Each structure stands twice: as C-alpha cells, then as structure tokens.
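**Student:** Based on what follows, work out the 3D shape:
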Amino acid sequence: MEDRYENRRRFVRHPIRVPVSVRPHGGSEPFLSRAGDLSEGGLSFASVAPFERGAMVDIELPVHHSRFTLKGAVASCTAHEDGSWRIGLSFTETGLNFKMKLAEQVLR
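**Tutor:** Next up is the predicted model:
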C-alpha cells in the first residue's frame with residue numbers, strides 16, 4: 001500500500017500568511033485567497049470550493065511592488081469543518097533556476 005503522506009513531508013514547510021491570486025486553468029475565474037504554507041515542492045491555500053486532484057493552477061504572490069507567478073497541480077484537497085477547503089499544490093516547475101528564484105522572492 002502506498003504511503004499517502006510520502007510526498008507531504010518530503011520538503012520542510014514554512015508558514016506563510018500572504019494574500020494570493022488563484023487562477024485555475026480551464027475557464028474558472030481567478031479568486032483571491034490566503035497562502036497557508038510554502039515549501040520547495042509546493043504551497044497550500046484556502047478555497048471556498050474543492051479542487052480536483054491534478055487540476056492545474058497558477059498562483060500569484062505579491063513580492064514588494066511586483067507579483068511572482070507559480071504554476072502547479074493540485075496534490076490534495078482537504079475539507080474543514082467550517083465548509084472551506086485546504087488545497088495543496090505541487091509545483092510543476094522544479095529546476096534549479098526556479099528554486100533559486102523562489103528562494104529569492106520568499107526571502108524578500
């Protein structure tokens with residue numbers, strides 16, 4: 001049986017409470033949300049509706065006077081008692097250049 005937590009703890013997570021713009025692919029309208037945590041492998045954010053696993057999403061993070069765009073696929077979707085959802089996004093860009101740019105933007 002596959003360990004469903006195998007990828008969840010592969011990277012150290014850092015709490016990050018910043019507003020994000022979420023742009024689902026496939027014609028859905030973008031919406032504003034708040035990030036929950038960030039790691040080298042992905043990011044979590046809040047949603048009022050569930051997302052299908054594997055759905056592609058673009059996230060824009062504010063960094064000073066610019067925006068940093070991250071692309072990923074939904075890896076998890078967890079319901080909360082209040083009716084909201086925690087969406088776990090796995091980055092689809094994982095090369096060294098991406099990691100360096102991500103680290104630079106987060107440290108700002």
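**Student:** Return the set of buried residues in the longest strand seen in the chain.
**Tutor:** Secondary structure assigned by DSSP state E gives strand 66-79 as the longest strand of the chain. Within strand 66-79, the residues that count as buried by 16 or more other Cβ atoms under 10 Å are Phe68, Leu70, Gly72, Ala73, Val74, Ala75, Ser76, Cys77. In this view, the C-beta of every residue, glycine as well, is placed from N, C-alpha and C.
**Student:** any idea which of those is the one closest to Gly27?
**Tutor:** Of all the buried residues of strand 66-79, Gly27 sits closest to Val74, with 16.0 Å by Cβ to Cβ.
**Student:** Show me the shaky parts of the chain.
**Tutor:** 1-10, 94-108 (pLDDT under 70).
**Student:** which residues sit in contact with the residue most central in space within it?
**Tutor:** Averaging the C-alpha coordinates of the chain gives a centre point, and the residue nearest to it by Cα atoms, centre = their mean is Leu43 (3.0 Å). Leu43 is in contact with Ile16, Val20, Ala35, Gly36, Asp37, Ile59, Leu70, Gly72, Leu89, Phe91, counting by Cβ atoms under 8 Å, 6 or more residues apart in numbering.
**Student:** next one: Arg53
**Tutor:** Going by Cβ under 8 Å, 6+ apart, Arg53 touches Val74, Ala75, Ser76, Cys77.
**Student:** quick one: the nearest residue to the third one once chain neighbours are set aside from Cys77, how far?
**Tutor:** Read that as Ser76. Counting by Cβ to Cβ, 6 or more residues apart in numbering, Ser76 lies nearest to Gly88, which is 3.7 Å off, once chain neighbours are set aside. Going from Gly88 to Cys77 by Cβ to Cβ, to the nearest Å gives 7 Å.
**Student:** before we move on, back to that, what angle do strand 66-79 and the helix or strand that the longest strand of the chain is followed by make with each other?
**Tutor:** The C-terminal neighbour of strand 66-79 among helices and strands, as given by DSSP states H and E, is strand 85-91. Using axes from the mean of the first three to the mean of the last three Cα atoms, to 10 degrees, the direction of strand 85-91 lies 130 degrees away from that of strand 66-79.
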